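> Show me how the following folds:
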Amino acid sequence: MLATWSSENSASHYLPKGPEFATTSTRSGQLSPAAPAGIEAQFELFMLQPDRVRMTRRRPGEVKFEDSEQSYARRRLLEIEQIALNSKLRNAQNSASIGDKISQSLHKSVHDQVEHRLSRPATLFSEYVGCTTTMARLFSLLHSDAGSITQITPLIASIPWMEHALISVVNTSAFRRRYAQGKSGTVKQLRTALSYLGMNNLAVLIPKLLSEHIAPASRDPFPKLYEQHQTFTNVTCVAAVHLARYTGQSANSAALLTTMYFIARSILSHMFFAEFDTAHKTMLNDARLRATKKQYAILSSIAPSAHHLQALIKQKADMLCASLLGVINIPSQAINETTLAMAGNAETCSPLTKIIVQARQYAKVRMLFRARLLNKETGKFALRSQHYPAGSLEMLKSADIFENPAAVMLTA
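As a prediction, this is how the structure comes out:
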């Protein structure tokens, strides 16, 4: 007996539920299944490339790999590995966060101590440069029309390292060829050396020698600090002297202002490292006494921060340079005006100020280009922004800007 259509015994009762298998009715009361969406395309694909058709039905007892024990074990292992990795990352982040806080606290203490010491420029000058009275008298004579070799000889003689350095300059082969007129022999007396050099050359050389004398030593993590400092000093000084002569300004004043800036940089570096070592040692001792092994380990890994040192130099170098020049009190209006302008305390920009800024920029561009860290287009754009005098860049390019400043200055 054939089954009759009913609510319990109908096509819809034997078809899977779902929209793709929904039934439709007609006016005659007959029901016909609606074709699943995309079934035609899937079939044609099955006919042509059966390997690419996704299997939806399996043989009895067959399971997908995703539902197998091997897949479960693999997922579980990956979960455990991910948990361990996340835990390791969290621990590293926590340690880094703690380390950053400790480093910030340490460097803030260093900055506060340096800031406190900067309020006494005369003490800093005496500590790092030398006797304030002697240096003030020496620079006043060097930058005064009334100064003479006889007056400065006893002052330089009271500074043994400077006496030795000046005699060494006179005895270099380059100097002897130019100024000794072919005479043989070695200069041993300070007075003779100073007579060979002359007041103008001494006004340029002595600030450079001071800068070399107190240049910061290389240390971890700055293995090339001394070398880079000396190169930057020399190149900037040479550029400043060339630009001053090219524009009719005082080469002596340009050299003094340039080298005094680097003396200020050196003093800031010395203070930064000294205060860092003191604060670091104090914090290590405190951590050891309190038996905080984790904090002690973090402190042991903290080194002086290049970022903090750079920020200190950027913020304080020009102001300290002005303070140091104020200590020796050179009777030169041009130098004083430039000093105020570089420190940001002047409304107008003097010609010497432009020269100092241009010399620093030129030195930076040439050093970066030399190290292959800058291309020509970027370098030209950086130089163009400083508005160099017409023809000055060609003049600087033709000069050996990386040569010893002493040899360049003595040619004037």
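> list the contacts for His213?
Counting by C-beta atoms under 8 Å, 6 or more residues apart in numbering, His213 makes contact with Trp161, Met162, Ala165. C-beta coordinates here come from the backbone N, C-alpha and C atoms, glycine included.
> Could you find the closest non-adjacent residue to the second one?
Ranked by C-beta to C-beta, 6 or more residues apart in numbering and with sequence neighbours excluded, the top spatial neighbour of Met162 is Ile156, at 5.6 Å.
> now the host helix or strand of the one you found, how far from the centre of its chain.
In the assignment (DSSP states H and E), Ile156 maps to helix 149-157. Relative to its parent chain, helix 149-157 has a centroid offset of 41 Å by C-alpha atoms, centre = their mean, to the nearest Å.
> now the next helix or strand after it and helix 149-157, what's the angle there?
Note on helix 149-157: by DSSP H and E, the next helix or strand toward the C-terminus is helix 160-170. In terms of direction (axes from the mean of the first three to the mean of the last three C-alpha atoms, to 10 degrees), helix 160-170 departs from helix 149-157 by 120 degrees.
> ok, Leu190 touching Ser158?
No: with contacts counted by C-beta atoms under 8 Å, Leu190 stays clear of Ser158, the gap being 10.8 Å.
> And the pLDDT at the residue nearest to Met162?
In this prediction, Ile156 carries a pLDDT score of 95.
> can you pull the buried residues of stretch 216-223?
Using 16 or more other C-beta atoms under 10 Å as the test for burial, stretch 216-223 gives Pro216, Phe222.
> what about that stretch, average pLDDT?
Mean pLDDT, computed over stretch 216-223, is 87.
> Leu190 and Ser158 - which one has more neighbours?
Using other C-beta atoms under 10 Å, the more surrounded residue of Leu190 and Ser158 is Leu190, with 19 against 13.
> For Phe139, see how far away the residue nearest to Met162 is.
Noted for Ile156: a distance of 12 Å to Phe139, by C-beta to C-beta, to the nearest Å.
> Could I have the buried ones of the contacts of His213 as PyMOL selection syntax?
A single PyMOL command is used to select the members of the contacts of His213 judged buried by 16+ other C-beta under 10 Å:
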select buried, resi 162+165
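> closest to Arg76 among the contacts of His213?
Of all the contacts of His213, Arg76 sits closest to Trp161, with 72.7 Å by C-beta to C-beta.
> Next one: that closest one from Glu212, what distance?
10 Å.
> returning to that earlier point: of all the residues in the helix holding Ile156, which ones are buried?
Ile149, Gln151, Ile152, Thr153, Leu155, Ile156.
> Packing partners of that helix?
Contact partners of helix 149-157 among helices and strands, from 3 or more C-beta pairs under 8 Å, 6 or more residues apart in numbering; DSSP states H and E: helix 132-142, helix 160-170, helix 190-213.
> Export stretch 272-279 to CSV, keeping only CA atoms.
Taking Å, rounded to 0.1, in the frame of the first residue of the first chain, the C-alpha atoms of stretch 272-279 are listed here in CSV:
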residue,chain,number,x,y,z
PHE,A,272,77.1,62.9,33.4
PHE,A,273,79.4,59.9,33.6
ALA,A,274,80.7,60.8,37.1
GLU,A,275,77.2,61.4,38.5
PHE,A,276,75.9,58.2,36.8
ASP,A,277,78.7,56.1,38.4
THR,A,278,78.0,57.6,41.8
ALA,A,279,74.3,57.2,41.7
